[in-house]
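Asks: got a structure for you, letters missing:
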């Protein structure tokens, strides 16, 4: 792995002479995650996953974009970007990487509200250069578990990567056990407009039984599956991309 932010110009220019360099752009958010997780949770998790993927595949790792589209968490804390702002940031970064001879880019997303922004970003960049390849993935699509927000999954991962977790403040949130897929989808649509209104306390799931060991297992599952997907994209054996 080559972490861009720690490099010096002469060294980095030599590295970029390799026409096969691949870059990773992690995208997170700053928003409430209940009373027990920090508002940096999405950014912390996607940074860790992107780092591990970059280590496995020897990719160039860019600094995380720590802000996302999180207006749905109001009136709870959220420091949000407009969709067009985040999209333009990504488009500009990809164009800048291309100018620096990097022609393959993976955008790894850590926040549900960013999905519309990263969707089809490769097509939006298509006019820039036909040989620029941009793939976008949301990390939770690479685990065999239900997505949550400050619930069991996110809390377990944070216990594995951070000391900034207050389990004594963990509270049960919205639990969808027993609900139909249709009911859950409807709740998801409502939550995308007002997360607090649907969850009451800002938590989707139940974090109280989360553990560090379970977090390590989840991270390993995600990084292994996502790393394989990245390699599949590089070899061109599949045209199906998770958003």
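Replies: Done, it's in. Predicted model, so just to flag it, every value in this text is computed and none were measured. Numbering: from 1, shown residues only.

Asks: Give the buried residues for the helix-or-strand element of the chain with minimal mean pLDDT.
Replies: None of the helices or strands of the chain scores lower by mean pLDDT, DSSP states H and E than helix 121-124, at a mean of 84. Across helix 121-124, burial judged by 16 or more other C-beta atoms under 10 Å covers 121-122. Glycine gets a C-beta too; all of them are placed from N, C-alpha and C.

Asks: Show me what it is packed up against.
Replies: Judged by 3 or more C-beta pairs under 8 Å, 6 or more residues apart in numbering; DSSP states H and E, helix 121-124 is in contact with helix 83-99, strand 133-138.

Asks: And the helices in this protein?
Replies: With helices called from DSSP state H, the chain shows them at 9-16, 41-57, 83-99, 115-118, 121-124, 152-161, 181-191, 195-199, 212-235.

Asks: mean pLDDT lowest for which of those?
Replies: Taking each of these in turn, the lowest mean pLDDT turns up on helix 121-124, with a mean of 84.

Asks: Check the spacing between the residue most central in space within the chain and residue 37 real quick.
Replies: Among the residues of the chain, the one closest to the centroid is residue 110, at 1.9 Å (C-alpha atoms, centre = their mean). Per C-beta to C-beta, to the nearest Å, residue 110 is found 13 Å from residue 37.

Asks: With residue 2 instead?
Replies: In terms of C-beta to C-beta, residue 2 sits 30 Å off from residue 37.

Asks: neighbour count winner among the two?
Replies: residue 37 (31 against 16; other C-beta atoms under 10 Å).

Asks: what's the closest non-adjacent residue to the more buried one?
Replies: The shortest distance from residue 37 to any residue other than its chain neighbours is 5.2 Å, reached at residue 150 (C-beta to C-beta, 6 or more residues apart in numbering).

Asks: residues contacting residue 118?
Replies: Applying C-beta atoms under 8 Å, 6 or more residues apart in numbering to residue 118 gives the contacts 27, 90, 107, 109, 136, 138, 243.

Asks: Name only those of those that count as buried.
Replies: The neighbour-count test (16+ other C-beta under 10 Å) applied to those identifies 27, 90, 107, 109, 136, 138 as buried.

Asks: Output those as CSV; include the columns distance to residue 199.
Replies: As requested, the buried ones among the contacts of residue 118 are exported to CSV (distance: C-beta to C-beta, whole Å):
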residue, distance to residue 199
27, 23
90, 28
107, 27
109, 21
136, 26
138, 20
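
Asks: wait, which of the residues you listed is closest to residue 178?
Replies: The closest of the buried ones among the contacts of residue 118 to residue 178 turns out to be residue 138 (C-beta to C-beta; 25.8 Å).

Asks: about what we covered before: tell me the contacts of the residue nearest to residue 37?
Replies: Counting by C-beta under 8 Å, 6+ apart, residue 150 touches 33-34, 36-37, 41, 173, 202-205, 207.

Asks: What is the nearest of those to residue 17?
Replies: Of all those, residue 41 has the smallest distance to residue 17: 37.6 Å, by C-beta to C-beta.

Asks: nearest spatial neighbour of that closest one, skipping sequence neighbours?
Replies: Using C-beta to C-beta, 6+ apart, the closest residue to residue 41 is residue 33 (4.3 Å).
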